[in-house]
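> The amino acid sequence is not available; the structure is as follows:
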Ligand code: PNS
C-alpha cells in the first residue's frame, strides 16, 4: 500500500530546518506534499506570498522524487481529504514546540481522522525559525547556512526592494 503524507507550514521562508524534515520525510513516504498555508490574514506581514514561497520550496526539493509542492487555505484536514492524504508529518525542534503541536495533532485527529507523525529536528537546526531568520536579515546579520542559498538570495532581494 502506498502511503502519502503532508508537511504543512507557513514556510515564510523555508529554512534548513524545514528542508531537513522534508528530505527525511521524503525517504519514509511514497508521496510527500509540502503544503504552504495561504493565510490572507497574515498576508500583510508576510515576506513572501504563497506563490513565491512555493517557488522557493520547489527550487529546494526538485531533486527529491515523490515530493510535490502545493498550497492550501482553510483547514489542513480538508486539504488532506482533497489529496487523499491521511498522515501529517511535522518536525519538533524542542519541548516548547510540543504543546501546540500536540493540540493541533489531537484536533486534526478528531475533526479529520488525520494522524500526525513527529520527527525530531536535527540538532544543528533546532534553533532555527523563519521569524528569527527574517529578524536577523532585517538587522543586517548573516543568514548564511540557515536557509538554502536560493532563499538567502530571495530574502536579500526582498529586503533591498523594501528599501
Ligand atoms: O509553519 P507553522 O506556522 O508552524 O504551520 C502551522 C500550520 C500551517 C501547519 C497550521 O497552522 C495549520 O495547519 N493551519 C491550517 C488551519 C487549520 O487546519 N487549523 C486547525 C489546526 S488544528
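Received it, and whenever you're ready, just let me know what you need. Only a predicted model underlies this, so the values are computations on that prediction, with no experimental measurement involved. Residues are numbered from 1 along each chain as shown.

> And the strands in this structure?
Assigned by DSSP state E, the strands in the chain fall at 4-9, 31-37, 67-72, 87-92, 115-120.

> how about those strands in CSV, adding mean pLDDT?
Formatted as CSV, the strands of the chain follow (pLDDT from 0 to 100):
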stretch, mean pLDDT
strand 4-9, 98
strand 31-37, 98
strand 67-72, 98
strand 87-92, 98
strand 115-120, 98
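
> For the ones you listed, give me JSON lines that also has mean neighbour count.
Placement of C-beta: from N, CA and C, glycine included. Below are the strands of the chain laid out as JSON lines (neighbours: other CB atoms under 10 Å):
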{"stretch": "strand 4-9", "mean neighbour count": "22"}
{"stretch": "strand 31-37", "mean neighbour count": "23"}
{"stretch": "strand 67-72", "mean neighbour count": "19"}
{"stretch": "strand 87-92", "mean neighbour count": "21"}
{"stretch": "strand 115-120", "mean neighbour count": "15"}
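
> Using JSON lines, lay out these together with distance to residue 45.
Shown next, in JSON lines, are those (distance: least, CB to CB, whole Å):
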{"stretch": "strand 4-9", "distance to residue 45": "16"}
{"stretch": "strand 31-37", "distance to residue 45": "13"}
{"stretch": "strand 67-72", "distance to residue 45": "17"}
{"stretch": "strand 87-92", "distance to residue 45": "22"}
{"stretch": "strand 115-120", "distance to residue 45": "26"}
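
> now for those strands, which one comes closest to residue 131?
Comparing the strands of the chain against residue 131 with CB to CB, the closest turns out to be strand 4-9 (12.4 Å).

> is any part of the closest one close to the ligand?
Yes - applying CB under 6 Å from any ligand atom, one finds strand 4-9 touching the ligand at 8, 9.
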